[in-house]
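[1] Take a look and give me a structure for this.
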Amino acid sequence: MSNICHNIKELVSYAVGCGLIEEADRAYATNNLLTALKLSDYVDDGTAVAGRPLEEILRDLLDYAFENGLIESNSVVYRDLFDTALMGCLTPRPSEVIAKFHALYKESPVKATDYFYNLARNSDYIRSYRVKKDLKWVYNDAEYGDIDITVNLSKPENDPKAIAAAKLLPPKSYPKCLLCHDNEGYAGTLSHPARQTLRQIPMEMAGQDWFLQYSPYVYYNEHCIALSAAHTPMKIDRSSFVKLLDFVDLFPHYFLGSNADLPIVGGSILSHDHMQGGHYTFAMEKAPVEQKLTFKGFEEIDAGIVRWPMSVIRISGTDKARLVELADKILIAWRGYTDEAAFVYAETDGEPHNTITPIGRMRDGKFELDLVLRNNITTEEHPLGVYHPHAELHNIKKENIGLIEVMGLAVLPARLKDEIETMCAAILAGRDFAEDESIAKHKDWFLKFKDNYVFTPETVREIVEKEIGATFVRVLTDAGVYKRDEQGRAAFNRFVDAVNKT
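    Predicted coordinates:
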């Protein structure tokens, strides 16, 4: 009894110390935790708390919960449901968070988002101790600069027992999806994560009700999500550009971008309109304009083609309305554009292929939009997409190239963590990759560069990581509609001419 009570005391003291609750809330919070742990008695042993990390405190509380039958399984799915319920006892109510956010916003947008981001981390909505386990390194590309590489380990692995149990649950209709506002405070199920610690800030974008929250699996600093209050599908149109610029007007220290709205080139959730942003500078933002453009009727707007492996038109100016008008003109032209010589088809058999991945930001007092041209056409040779990572790169990256990767941050599958270690060991031992099923897929890839290096215990991992980074640049090149060669530049300019003729 004394141990569990001390753990409760530690958790409450943690919440007071990081500002989740006030000292006056201590008894109230303690009693809420007792209820969650199905305890009716509490004894303070009088010993001071040692200030242990949150992860350790929650670990002990979850061990107690499992040992006493409060959670069915000791797996990560069940533990996550229960520890989120515990932290929900200590997270301020939405109205309190919103009030404090707006009060701080009057001082500065940065103070408001700093508070909100710290709340998401302190409440364990963002499980920082898991994010730290992600593998991260920077690949310096001679042409495109520093490319961020991450192997995502933050998301919990699927639990077979939870998967089996989830199949027995009735079809789910509430919340409709992971992005709906109804998730705020939701207890979760075996197939839907708990969200008692989720908090959202209401805002208006393009005259519509939207919310701001943070991603629980932050891939970069202050990785946020803007989501529509209505459960409506993703759609890139004129209002998308208005929303992007409205957002960066509200939060000029953040960028905001949207995944495209078509399969293959879009994000993983197309059923709910949302965008992603944050306080981070990606390689694409640093990339310069390599060819200036002039759009007729918009001569006052700076425009150009960005030096980037994907096909990017950058426009900037001080007048939001004019930027939106030009962006919309480019989008409409691209939606209907076909250039058979460049293998660009607006549609085949009634299926549309052209769309845009847009990103908005403020730069030097001007509004800026990057418009990334996307096309999701498939062929027998490239069944997953012509402008998608080609098959010879699937050992490193097979999944869709979404907004975050478009900007220069590789989000690579968790399997690579073990595969990198196994490859390094095999290289040093001189073993054939084909002898190990887990890395056999990497054999042809390795053979292409193995003679370029001398591998030692000190250099082998650095070399493998470097080659993974170089491969990701090739992934982006595959995803680019217009290649950065003479033929590709000519085709890109034909599209620009088509925009000017509309």
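[2] now the helices for the stretch 351-500 of the chain?
    Counting by DSSP state H, counting those that start in this stretch, the stretch 351-500 of the chain has helices at residues 403-406, 415-429, 443-447, 460-479, 486-501.
[3] just so I know, which of the ones you listed lies nearest Arg322?
    Closest approach to Arg322 among the helices of the stretch 351-500 of the chain (Cβ to Cβ): helix 486-501, 15.1 Å. Using the backbone N, CA and C atoms, a C-beta is placed for each residue, glycine as well.
[4] how about the CA coordinates for that closest one, as PDB?
    In PDB, the C-alpha atoms belonging to helix 486-501 read as follows (Å, rounded to 0.1, in the frame of the first residue of the first chain):
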ATOM      1  CA  GLU A 486      17.300  19.500 -69.900                       C
ATOM      2  CA  GLN A 487      14.300  17.500 -71.000                       C
ATOM      3  CA  GLY A 488      12.600  17.900 -67.600                       C
ATOM      4  CA  ARG A 489      13.200  21.700 -67.500                       C
ATOM      5  CA  ALA A 490      11.800  22.100 -70.900                       C
ATOM      6  CA  ALA A 491       8.600  20.200 -69.900                       C
ATOM      7  CA  PHE A 492       8.300  22.200 -66.700                       C
ATOM      8  CA  ASN A 493       8.400  25.400 -68.700                       C
ATOM      9  CA  ARG A 494       5.800  24.100 -71.100                       C
ATOM     10  CA  PHE A 495       3.500  23.900 -68.100                       C
ATOM     11  CA  VAL A 496       4.400  27.400 -67.000                       C
ATOM     12  CA  ASP A 497       3.500  28.600 -70.500                       C
ATOM     13  CA  ALA A 498       0.200  26.800 -70.300                       C
ATOM     14  CA  VAL A 499      -0.600  28.600 -67.000                       C
ATOM     15  CA  ASN A 500       0.100  31.900 -68.700                       C
ATOM     16  CA  LYS A 501      -2.200  31.100 -71.600                       C
END
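[5] ok so, going back, which one of the helices of the stretch 351-500 of the chain is the most hemmed in?
    helix 403-406 (a mean of 24; mean count of other Cβ atoms under 10 Å).
[6] what's next to it, contact-wise?
    For helix 403-406, contacts defined as Cβ atoms under 8 Å, 6 or more residues apart in numbering pick out 219-220, 257-259, 267, 276, 284, 310, 357, 359, 372, 411, 472, 475-476, 479.
[7] and what of stretch 117-127?
    The contact list for stretch 117-127 (Cβ under 8 Å, 6+ apart) reads 18-20, 54, 58, 83-84, 87, 90-92, 97, 128, 154, 197-199, 213-218, 222, 224.
[8] what about Tyr64, how many neighbours?
    Residues near Tyr64, counting by other Cβ atoms under 10 Å, number 17.
[9] which residues touch it?
    Residues in contact with Tyr64 (Cβ under 8 Å, 6+ apart) are 3-4, 7, 37, 70.
[10] can you rerun that using 7 Å?
    Ile4 (Cβ atoms under 7 Å, 6 or more residues apart in numbering).
[11] where exactly do the helices run in the stretch 201-350 of the chain?
    Counting by DSSP H, counting those that start in this stretch, the stretch 201-350 of the chain has helices at residues 238-250, 283-286, 320-335.
[12] For the longest one, C-alpha coordinates in PDB please.
    Translated: helix 320-335. Listed next in PDB are the C-alpha coordinates belonging to helix 320-335 (Å, rounded to 0.1, in the frame of the first residue of the first chain):
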ATOM      1  CA  LYS A 320      -2.500  37.400 -49.400                       C
ATOM      2  CA  ALA A 321      -5.400  37.700 -51.800                       C
ATOM      3  CA  ARG A 322      -3.200  38.000 -54.900                       C
ATOM      4  CA  LEU A 323      -1.100  35.000 -53.800                       C
ATOM      5  CA  VAL A 324      -4.300  32.900 -53.400                       C
ATOM      6  CA  GLU A 325      -5.500  34.000 -56.800                       C
ATOM      7  CA  LEU A 326      -2.300  33.000 -58.500                       C
ATOM      8  CA  ALA A 327      -2.000  29.700 -56.600                       C
ATOM      9  CA  ASP A 328      -5.500  28.800 -57.600                       C
ATOM     10  CA  LYS A 329      -4.800  29.600 -61.200                       C
ATOM     11  CA  ILE A 330      -1.800  27.300 -61.100                       C
ATOM     12  CA  LEU A 331      -3.800  24.600 -59.400                       C
ATOM     13  CA  ILE A 332      -6.700  24.800 -61.900                       C
ATOM     14  CA  ALA A 333      -4.200  24.700 -64.800                       C
ATOM     15  CA  TRP A 334      -2.400  21.700 -63.300                       C
ATOM     16  CA  ARG A 335      -5.600  19.800 -62.600                       C
END
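[13] Which of the helices of the stretch 351-500 of the chain sits closest to Gly304?
    Closest among those, once you apply Cβ to Cβ, is helix 486-501, at 10.2 Å.
[14] tilt between that closest one and helix 320-335?
    Angle, helix 486-501 to helix 320-335, by axes from the mean of the first three to the mean of the last three Cα atoms, to 10 degrees: 120 degrees.
[15] And the contacts of helix 486-501?
    293, 295-296, 305, 311, 329-330, 333, 337, 339, 341-342, 482.
[16] would you list the residues you listed in TSV and tack on pLDDT, neighbour count and distance to Met423?
    As requested, these are arranged in TSV below (pLDDT from 0 to 100; neighbours: other Cβ atoms under 10 Å; distance: Cβ to Cβ, whole Å):
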residue	pLDDT	neighbour count	distance to Met423
Leu293	98	19	44
Phe295	98	16	48
Lys296	97	10	53
Ile305	98	20	37
Ser311	98	24	33
Lys329	98	18	48
Ile330	98	25	43
Ala333	98	17	45
Tyr337	98	21	42
Asp339	98	16	41
Ala341	97	9	41
Ala342	98	19	37
Tyr482	98	23	34
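[17] which residues of this structure score low on pLDDT?
    Of all residues in the chain, those with pLDDT under 70 make up the ranges 1, 155-172.
[18] Break it down into its domains, please.
    Following automatic domain parsing, the chain resolves into domains at 2-70, 129-411+483-501, 412-479.
[19] out of those, deepest packed?
    domain 129-411+483-501 (a mean of 18).
[20] how far out from the middle of the chain is it?
    10 Å (Cα atoms, centre = their mean, to the nearest Å).
[21] Among the contacts of stretch 117-127, which lie within strands?
    213-214, 224 (DSSP state E).
[22] helix, strand or coil for Ala15?
    Following DSSP: H, G, I helix; E, B strand; the rest coil, we place Ala15 in the helix state.
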